[in-house]
Structures are given as structure tokens and as C-alpha cells.
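Quick one, fold the following:
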Amino acid sequence: GLPSPAQAKALIRPAYPLREHLERSDWPVSVQLDEVPLWLSRSTYIAGNALGTAALSSFFLVVAAFFSFFLRIVSVPTPSMLPSLSPGNVVLVTRSIPIGPFKPNVGDVVFFDAPKELESTV
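Numbering: from 1, shown residues only. Purely as a prediction, here's the structure:
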């Protein structure tokens with residue numbers, strides 16, 4: 001009959017070339033089935049890679065969207081903010097709606113986009 005799972009062995013080898021320091025000369029290697037925590041078929045491996053890649057890409061898109069909507073990196077162009085900020089300083093600005101606890105307080109530095117009329121005169 002068939003051997004018990006504790007006695008069953010499998011011959012395994014990588015499906016792709018390994019890095020030189022990981023390569024072995026004795027492929028395939030014999031491994032007892034009860035020592036292997038999980039067996040993946042090729043299609044399960046590919047599906048897992050695709051799902052992981054999609055999840056990682058989605059995470060980076062969410063982070064990029066967060067930064068583009070709520071944060072902005074601004075360079076101070078003029079000495080108008082001396083002594084707090086010098087020309088050339090780079091500041092991370094949070095965008096918020098001035099409601100409730102998000103209202104600016106005395107001593108806060110407030111950045112805003114200049115009106116079009118002011119931009120055309122400067």
C-alpha cells in the first residue's frame with residue numbers, strides 16, 4: 001500500500017535558476033512530506049504573486065493619493081517669513097479645511113495659493 005504521511009517523501013527541485021550561492025549540485029532533494037508546511041502548485045504560486053503585487057500596488061496608490069490630497073512640499077521663495085523660515089527652506093504643508101480643531105491658531109504658519117490677480121502683478 002501507500003506509505004503513511006510520516007514516511008512519504010517527495011523529490012523537489014526549483015522551477016527556476018537560483019542565485020549562485022543557493023544553487024546545489026544534488027537536485028532533486030528528497031524531503032519528507034510532514035516536514036513541508038505548505039505545498040504550492042504553479043498556478044497557486046502565480047496567483048499568490050499576482051495578488052501580492054496587486055495589494056502592494058494598491059497600497060502605494062493609496063499612499064500617493066493621500067500625499068497628493070493632504071500633503072504638499074513647498075519651498076520658501078522669499079524672505080517674507082524671516083526669522084521663522086528662510087528663503088530656500090523646504091516645508092511639508094498639511095492641507096486641511098479650517099473647521100473646528102483644524103482652524104489655524106496664533107503662531108501657526110499658514111500657506112495659501114496666491115489669487116490670480118496677485119500672481120499677474122508680481
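
quick one: average confidence on stretch 23-43?
Stretch 23-43 shows a mean pLDDT of 80.

May I see the buried residues of it?
Buried residues in stretch 23-43, counted by 16 or more other CB atoms under 10 Å: none are found. All C-beta spots, glycine's among them, are computed from the backbone N, C-alpha and C.

now it, how far from the centre of its chain.
In terms of CA atoms, centre = their mean, to the nearest Å, the centre of stretch 23-43 is found 31 Å from the chain centre.

okay, and for this protein, where does confidence drop off?
Judged by pLDDT under 70, the chain has its weakly predicted residues at 1, 3, 5, 37-39, 121-122.

So which residues of it form strands?
Taking DSSP state E, the strands of the chain run over residues 9-12, 29-32, 71-75, 90-94.

okay, the last one in CSV with CA atoms only?
The one in question is strand 90-94. Provided in CSV are the C-alpha atoms of strand 90-94 (Å, rounded to 0.1, in the frame of the first residue of the first chain):
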residue,chain,number,x,y,z
VAL,A,90,11.5,73.3,2.3
VAL,A,91,8.4,72.8,4.3
LEU,A,92,5.9,69.9,4.5
VAL,A,93,2.5,71.5,4.4
THR,A,94,-0.7,69.7,5.5
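
Adjacent strands (with direction) for that strand?
Paired with strand 90-94 in the same sheet, following DSSP bridges, are strand 71-75 (antiparallel).

re earlier: any chance of the strands of the chain in TSV, with distance to His21 too?
Compiled in TSV, the strands of the chain are given as follows (distance: least, CB to CB, whole Å):
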stretch	distance to His21
strand 9-12	19
strand 29-32	16
strand 71-75	41
strand 90-94	42
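
Which among those is found nearest to Val63?
Val63 lies closest to strand 71-75 among the strands of the chain, at 10.4 Å (CB to CB).

ok, back up a step: quick one, which of the strands of the chain gets closest to Asp113.
Proximity to Asp113 (CB to CB) singles out strand 71-75 among the strands of the chain, at 10.0 Å.

got a list of contacts for that closest one?
Residues from elsewhere that reach strand 71-75 (CB atoms under 8 Å, 6 or more residues apart in numbering): 88-95, 111.

thinking again about what came up before, to Thr53, which of the strands of the chain lies closest?
Checking those against Thr53 by CB to CB gives strand 9-12 as the closest, at 24.8 Å.
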